[in-house]
Structure formats: C-alpha cells, structure tokens
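Colleague: this is a predicted model, with the sequence first.
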Amino acid sequence: MDFTELERALIDWISTRTNDPRLQRQFSSCRPVQRKLTGVGSFTQLVTSHRGPGLELNPSDSPVDGPWIHDCESIPHGGSALVFLDEFGYIDTLEIASNGDRFDWRATNFVLHD
C-alpha cells in the first residue's frame, strides 16, 4: 500500500514542523498499512520501521496537529489533519477530515498551511 499524494504531503508537512528528532525519524520511515474512508475524510493506519525510544507522552502530545487543506476542488470546503500516537509514543494513525460533505482521497491539487 502506498501513500496518496495528499497523505504524503501531510506527513512531510508535519514532519518538517516537529521539533522532536525521534518523531521526525518515525515520520521519515512510516508507511500506510490500512486506510478507512469515512465519506468526509479518512483514517490511515501507519507503521514505522524506526523502533528507537518512543516519546514520553504528556496528554497534550497526541494528536499532533497537521495543516489546513485549502484550494482543493475535490475537498471544496477545505479540511484538516491530525496524527495520533499510540500509548508508547509511536505514530499510529493519520486522520484527514473535510470541512464539508465531500472528500476525495485521491486529491492532487491542494495547498497546505498553518
């Protein structure tokens, strides 16, 4: 299973904005293993080959905020993304949610921003 163009862009965006090198290593080696489409978004289960020390989690560490998605015909009202960590501090799930009632998981033209 491969990342969609949108998923890859979201993972890269989040990875470049985290200050934790352990999390950056996890993002650089993660891959999708399952995708569940909800109609207005998706949940993509992630695994990472980096199994060094996890993060010492505070309740505020998960989810990790992602960017806003804009200027996308296949997600007309924009959307947002979050990455959830498991209880050991490893990336676990990428959630993408549209702000409206339409979401095309194959979106290719979009703009990401804070």
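Modeller: In hand now; what should we look at? What you see is a predicted model, and the numbers here were worked out from it, not measured in a lab.

Colleague: now the helices for the chain?
Modeller: For the chain, helices defined by DSSP state H occupy the ranges 5-17, 21-29.

Colleague: mind listing what's buried in the shortest one?
Modeller: Within helix 21-29, the residues that qualify as buried by neighbour count (16 or more other CB atoms under 10 Å) are 23-27. Any C-beta I mention is one placed from the backbone N, CA and C, and that applies to glycine too.

Colleague: swap in stretch 33-45?
Modeller: 35, 40-42, 44.

Colleague: cool, stretch 4-12 as well?
Modeller: Of the residues in stretch 4-12, those buried by neighbour count under the rule 16+ other CB under 10 Å are 4, 6-7, 9-11.

Colleague: report the central residue of this structure.
Modeller: residue 94 (3.7 Å; CA atoms, centre = their mean).

Colleague: contacting residues for the closest residue to that one other than its chain neighbours?
Modeller: On the basis of CB to CB, 6 or more residues apart in numbering, the spatially nearest residue to residue 94 that is not a chain neighbour turns out to be residue 44, at 4.4 Å. If you count contacts by CB atoms under 8 Å, 6 or more residues apart in numbering, residue 44 has them with 7, 32, 34-36, 93-96.
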